[in-house]
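**Q** From the sequence below, what's the structure:
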Amino acid sequence: MIDGILIVDKDKNMTSHDVVAKVRRRFDIKKVGHAGTLDPNATGVLVLLLGKATKLSNSFLNEEKEYSAIMKLGERTDSGDCEGKIIARKSIISDSTGIESVVAGFKGEIDQMPPMFSAKKINGKRLYKLARKGIQVERARVRVTIKDIRVLKVELPLVVFDTICSKGTYIRQLADDIGEKLGCGAHLTELRRMRSGTFSLENAVTILDIDKMTQEDLNESIIRI
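**A** From the prediction side, this is the model:
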């Protein structure tokens, strides 16, 4: 029996479930779960829970997250990221100082609308499944906390920023809201989770590592509970 936590640096174009399934098959572990999903287009820290650790899922889901992100100004998409269809284009009229000021204004408690392209359930149905059918439904805004948010670089139309936020925060929606505030629209082009609670990329193994791991390697990589 293997009980513990494995921190994985997820690759692009993989779902969180893909990573769970890979570890389950690779090491023949019956119980494998994760503590907070990542979009297929996102990379970085994915907390996998093995064996008895799967019972701790809720406690890890409540931890704050830290992200590094890039958004593109001047284009809004239906999904809030580069996977979606462009639904609006506008000229960028703000300079670096104006952009930094608007971004800084999102620090603190904000009410965020869950995006249609998300795994959130309403009336038992995943929003992204409805969105793919072109169906829009009413969603209640959710109070989330942006503990910190900083612009690192502006190379228009791209803006690089870091943020530390509470559970349930959608960075795609954050980018969309920033674009709306700037009056030009925006969408997320890159997202990397740097930390989930106390677990960071320093603790992580890559997908390539997993492919090469022996059982002994896995035992050494697991954080025991």
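**Q** For Met194, which phi and psi angles does the backbone take?
**A** Note on Met194: its backbone torsions stand at phi -90, psi -30 [degrees, to the nearest 10].
**Q** Centre-most residue in this structure?
**A** Centroid-nearest residue in the chain, with CA atoms, centre = their mean: Leu38, separated by 4.5 Å.
**Q** residue contacts, that one?
**A** The contact partners of Leu38, by CB atoms under 8 Å, 6 or more residues apart in numbering, come to Lys10, Ser16, Gly44, Leu46, Leu191, Arg193. Using the backbone N, CA and C atoms, a C-beta is placed for each residue, glycine as well.
**Q** and it, helix, strand or coil?
**A** Under DSSP: H, G, I helix; E, B strand; the rest coil, Leu38 falls in the coil class.
**Q** And the pLDDT at it?
**A** We have a pLDDT of 92 for Leu38.
**Q** Point out the least confident one among the contacts of Leu38.
**A** Ser16 (93).
**Q** how much space between the residue lying closest to that residue once chain neighbours are set aside and Ala21?
**A** Nearest residue to Ser16, sequence neighbours excluded (CB to CB, 6 or more residues apart in numbering): Thr37, at 4.3 Å. Plainly put, Thr37 is 14 Å away from Ala21 if you go by CB to CB, to the nearest Å.
**Q** more crowded one of the two?
**A** Thr37 (16 against 13; other CB atoms under 10 Å).
**Q** from what I can see that one touches Ala119, true?
**A** Yes. Judged on CB atoms under 8 Å, Thr37 makes contact with Ala119 at a distance of 6.1 Å.
**Q** buried sites along the one helix or strand Asp18 maps to?
**A** Applying DSSP states H and E as the criterion places Asp18 in helix 16-27. Neighbour counts using 16 or more other CB atoms under 10 Å place Ser16, Val19, Val20, Lys22, Val23, Arg24, Phe27 of helix 16-27 among the buried residues.
**Q** returning to that earlier point: can you list which of the contacts of Leu38 are found in strands?
**A** Lys10, Gly44, Leu46, Leu191, Arg193 (DSSP state E).
**Q** Thank you kindly, that will do.
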